[in-house]
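In: Quick one: sequence plus predicted model below, questions after.
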Amino acid sequence: MNKAQLINRLSAQTNMQKKECRLMVDAMLDMMEEELHTTGKVQLSGFGTFETKQRNARQGVHPKSQEKITIPASKTVQFKLGKSLKGKLNG
């Protein structure tokens, strides 16, 4: 499901206009981005937890030249399933 499909389904389920649903989805995503940036964690009970993690610099190999390269350190977001979602996915 992409963002447009999410907005369409939310609109159909709530009988709200797509424009209002788009504003709500955008606001929610903006808040999640801001929270991940400031505190590094967003927890949605039953659904899961988004948490920023630091990746250390590491050695890699350039696929064309086979030359060794250093991949710089970076931040990424990890997602852990909540209990309710995990139960639904695992049957």
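Out: Everything's here; your move.
In: what mean pLDDT does the helix or strand hosting Arg9 have?
Out: Using DSSP states H and E, Arg9 sits in helix 3-14. Averaged across helix 3-14, the pLDDT comes to 97.
In: Which other helices and strands does the helix or strand that contains His37 contact?
Out: Under the criterion of DSSP H and E, His37 resides in helix 18-38. For helix 18-38, the elements it packs on are helix 3-14, strand 41-44, strand 48-55, judged by 3 or more C-beta pairs under 8 Å, 6 or more residues apart in numbering; DSSP states H and E. No exception for glycine: its C-beta is placed from N, CA and C like everyone else's.
In: out of these, nearest to Glu35?
Out: Nearest to Glu35 among these is strand 41-44; the distance by C-beta to C-beta comes to 5.1 Å.
In: what's the distance between the residue lying farthest from the centre of the chain and Ala57?
Out: Going by C-alpha atoms, centre = their mean, the residue of the chain most distant from its centre is Ser65, 33.4 Å out. Separation of Ser65 from Ala57 (C-beta to C-beta, to the nearest Å) stands at 20 Å.
In: Repeat that for Asn90.
Out: Per C-beta to C-beta, Asn90 is found 36 Å from Ala57.
In: In terms of neighbours, single out the busier of those two.
Out: Ala57 (10 against 7; other C-beta atoms under 10 Å).
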